[in-house]
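Participant: Here is my input; please provide its structure:
(chains A and B)
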Amino acid sequence: MASLEQFRSEARQWLEKHAPASLVGTGRGPFEGYWGGKKNTETRSDVMKWLEVCVERGWTAPMWPTEFGGGGLSRDEAEVLAGEMERLQLPPPLVGFGLAMIGPTLLDFGSQAQKREHLMRIARGEVRWCQGYSEPGAGSDLASLSTKATDCGDAFIINGQKVWTSHADKSDWIFSLVRTNTEGKKQEGITFILIDMETPGVSVRPIELISGASPFCEVFFEDVKVPKCNVVSEVHKGWTVAKALLGYERSVIGRAMGSQMSDAEDQLIACARRHLDDATGALSDPYMRHEIAKVGMDEQCFALTLNRIQQARKGGRAPGPESSVVKLFGSRLKQRWWELSAQIAGAQALGWDGPGFEEEDLNMTRAWLRSRGNTIEGGTSEIQLNIVAKRVLGLP
Amino acid sequence: MQLILDETQRLLETTVEEFVAQKAPLSRIRTFREAQNQTGYCSTLWKEMAEMGWVGLHFPETFGGSGLGFFEFSLLLQVVGRKLMPEPFFSTVVLGAQVLLEAGSSEQKSAWLPEIALGNKTMTLAYDEPKARYNHLHVTTEANKTDKGFVLNGLKTHVLDGGSADGIIVSARLEGGTKDPEGIGLFLLEPKMAGVKITNQNRVDGRKSVLLELRSLELPHENLIGEAGAGGVVLNRVMDKARIALSAEMLGGANQAFETTIDYLKERTQFGVPIGSFQALQHRAAELFTQLQVTKSALLAAAKCVDEAPENIAEMASLVKAKCSDVFVLATNEGVQMHGGVGMTDEYDIGLYMKRARATDALLGDASFHRERWATLRGY
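Facilitator: Below you'll find the model as predicted:
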């Protein structure tokens, strides 16, 4: 414990010395930051400087081994570091699916060559990754995916389509599930493969949602040639890798939600003060008051649950089925929050753009629409309920 | 704030679980219910638990307690709640003793607390009145000062374990209007005193409670607890602790009702398969599990808050009581439905849990009361 306190004071001094003063106090959660990659358009010098100093120290990926560009920290040390960064309200120096998803997966399942090729470039923010899982015919039933990889000696030729690929238009590489066998159990014919998006035959088209522009894209593969050394784990064994990565994804979604859900009640109160003609004191609409209290209470319960899971995980356990409860509860809570906001705002929640509406109400309308997707993406609520029923409760 | 159990706490929990599994089968509840006496629990078992150090678990050692925290006490209460144990933890330890701990003189504490911790004496708190609903500051029972002390007149309802308690603490108004937070006194009386009339109430959950009628009851000065007129403040603190303690018992009951139901879903066969294989039931079970998990987080934090951050106790008490009320009622309503016809029979246990859920929901404020209070505490 003494050495942990020593680490805390080292980390604190280092951050105070190296973190750009202009970024202190600007942190807005674990997913708000610089995403990296070759196509990035970030030019702010303080953001780039912050990345540079952290890369040097290995603190973009604090727990990864130093040989792959990480900081080599223990879980406890990494938490101390995160706590110190939070204390200064610093944005993370680098965010993205490389750090959060494919990196940890490669550490567990990747070959030495893959680790050497990719981890360092992820940790340095040089390459941005996206996730090629869902397909038009494979949503909740992910294992029925049909993007086809044909064996042609030392490479696969890939044909097919992915959908709901977040930030594909800004990414350099895509980790993807492809079908290498159409016979037998569908889970046993899937391969996890890494694809350079500059390879000829890869094309991307953004998707517009009911809430307007979105980070989601469709990705098309037309005779895309990918070397076999890009297969993670073994051919036909991709489902195991895919599931492990989904575990990371759920825990990331949970964390991201936790940081977004920290002031729902305050925002609802502010919204009610703006729209209900109750500038101070008790809200005169008892229904709204109770509904806000319900969201506020559940927001507390949710934060405490994340806290409890984090404390239990400190021992270094992999994310388990309890992360399904987090996704399920958190996504619904977020929906209830925005639904209630829209209800409170009444007709002022109907603006799309232009005059007659406050900026914050316009944003709220988009947020309400967007939040309907929270219980669909990353495994629908119904799939989460299946997982809890079968894996946690042991129902047949 | 540490929200997971350490080794010692885990050991305490396991020890209590094993003891209770062996000594307190649920079938007892039906026996107590049918019995004509007004005790409603097993005095021998109470004494045994006292000898284990559990009755005075969180009393200071100077008053014969084990000196552990409220958090540890909440672990014990969850196990007690799982088996619907009617032993008087709530009336004696949570209500009665808590008033003494908060406001008793050293003489009063020395006279009662060690005897309670030993299992020799029990106690309760008579605070509820007709039409008071969930406001413990609604006090119409009168206390008038005399030369020798006080004279009390009035009616208290739902006095839990009032027919077996050795001491009853009663709230009475010295001055002010019906709901005035000021002017309330807390008085200690014994059931055999002249001017005390006790009438048994039969409750849906099988627990014992009484109507307490006071007619010109004369009490000496030393039977006043704390300062005259300051009883409201004491009650506020006691009630918030009691809400958290009751929530622990409720969550224990909800978890047991849930597990009993899951077991039934696995064993009951219809259409040639266990009914737990039907998605319509699986999803409802998973929903309930989710609610139980997040409510558990609230309980752990609320119990910790009593020990470590008492300044937040009002908010945390309302949070956890609202959640536990909702989840206990939901778990038992769903439990009866998923059991089908047998869930309606007295032979199956799930009905006992449903009755207890209703009884605890209506104790110390239901979910709606606490959401209202939460909003007030948070300034809207």
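
Participant: Does the longest helix along chain B reach chain A?
Facilitator: Counting by DSSP state H, the longest helix found in chain B is helix B:231-267. Yes - using Cβ under 8 Å from any Cβ of the partner chain, a contact is recorded between helix B:231-267 and chain A, made by B:262, B:265-266. Glycine gets a C-beta too; all of them are placed from N, C-alpha and C.

Participant: Please, where are all the helices along the chain?
Facilitator: Answering for chain A, as no chain was given. Along chain A, counting by DSSP H, helices occupy A:2-18, A:45-57, A:75-87, A:97, A:103-109, A:112-123, A:238-260, A:264-275, A:286-313, A:322-345, A:359-371, A:381-387.

Participant: ah, no, chain B please
Facilitator: Remark: helices assigned in chain B by DSSP H are B:7-23, B:28-34, B:43-51, B:70-82, B:97-103, B:106-117, B:231-267, B:279-308, B:313-339, B:350-361, B:367-377.

Participant: Could I get the ones you listed in JSON lines, plus columns for distance to B:Ser91, mean neighbour count and mean pLDDT?
Facilitator: What follows is the helices of chain B, written out as JSON lines (distance: least, Cβ to Cβ, whole Å; neighbours: other Cβ atoms under 10 Å in any protein chain shown; pLDDT from 0 to 100):
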{"stretch": "helix B:7-23", "distance to B:Ser91": "19", "mean neighbour count": "14", "mean pLDDT": "96"}
{"stretch": "helix B:28-34", "distance to B:Ser91": "15", "mean neighbour count": "15", "mean pLDDT": "90"}
{"stretch": "helix B:43-51", "distance to B:Ser91": "12", "mean neighbour count": "16", "mean pLDDT": "97"}
{"stretch": "helix B:70-82", "distance to B:Ser91": "13", "mean neighbour count": "25", "mean pLDDT": "98"}
{"stretch": "helix B:97-103", "distance to B:Ser91": "10", "mean neighbour count": "23", "mean pLDDT": "97"}
{"stretch": "helix B:106-117", "distance to B:Ser91": "11", "mean neighbour count": "18", "mean pLDDT": "97"}
{"stretch": "helix B:231-267", "distance to B:Ser91": "10", "mean neighbour count": "23", "mean pLDDT": "98"}
{"stretch": "helix B:279-308", "distance to B:Ser91": "19", "mean neighbour count": "22", "mean pLDDT": "97"}
{"stretch": "helix B:313-339", "distance to B:Ser91": "18", "mean neighbour count": "25", "mean pLDDT": "98"}
{"stretch": "helix B:350-361", "distance to B:Ser91": "13", "mean neighbour count": "22", "mean pLDDT": "98"}
{"stretch": "helix B:367-377", "distance to B:Ser91": "21", "mean neighbour count": "20", "mean pLDDT": "98"}
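
Participant: is it possible to export those to TSV including distance to B:Gly64?
Facilitator: Listed next are the helices of chain B as TSV, based on distance: least, Cβ to Cβ, whole Å:
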stretch	distance to B:Gly64
helix B:7-23	18
helix B:28-34	27
helix B:43-51	10
helix B:70-82	15
helix B:97-103	11
helix B:106-117	3
helix B:231-267	19
helix B:279-308	20
helix B:313-339	25
helix B:350-361	29
helix B:367-377	34
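
Participant: give me the beta-bridge partners of A:Ile190?
Facilitator: A:Arg179, A:Lys237 (DSSP bridges).

Participant: Spell out which parts of chain A neighbour chain B.
Facilitator: A:265, A:269, A:272, A:282-283, A:286, A:289-290, A:292-294, A:296-298, A:300-302, A:304-305, A:307-308, A:311-312, A:322, A:325, A:328-329, A:382, A:384-386, A:388-390, A:392-396.

Participant: Just the buried subset of the residues you listed, written out for PyMOL, thanks.
Facilitator: Buried residues among the residues of chain A next to chain B (16 or more other Cβ atoms under 10 Å in any protein chain shown), as a PyMOL selection:
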select buried, chain A and resi 265+269+272+283+289+290+292+293+294+296+297+298+300+301+302+304+305+307+308+322+325+328+329+384+385+386+388+389+392+393+395
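
Participant: A:Gly153 - how many residues pack around it?
Facilitator: By the criterion of other Cβ atoms under 10 Å in any protein chain shown, A:Gly153 has 6 neighbours.

Participant: got the contact list for residue 64?
Facilitator: Chain wasn't specified; assuming chain A. A:58, A:70-72, A:103, A:107, A:119, A:123 (Cβ atoms under 8 Å, 6 or more residues apart in numbering or on different chains).

Participant: not what I meant, chain B
Facilitator: Applying Cβ under 8 Å, 6+ apart to B:Gly64 gives the contacts B:56, B:113-118.

Participant: try it again with 10 Å
Facilitator: B:50, B:53, B:55-56, B:110, B:113-118 (Cβ atoms under 10 Å, 6 or more residues apart in numbering or on different chains).

Participant: swap in A:Gly125?
Facilitator: By Cβ under 10 Å, 6+ apart, the contact list for A:Gly125 reads A:34-37, A:40, A:42, A:48, A:51-52, A:54-55, A:60, A:69, A:93-96, A:98-99.
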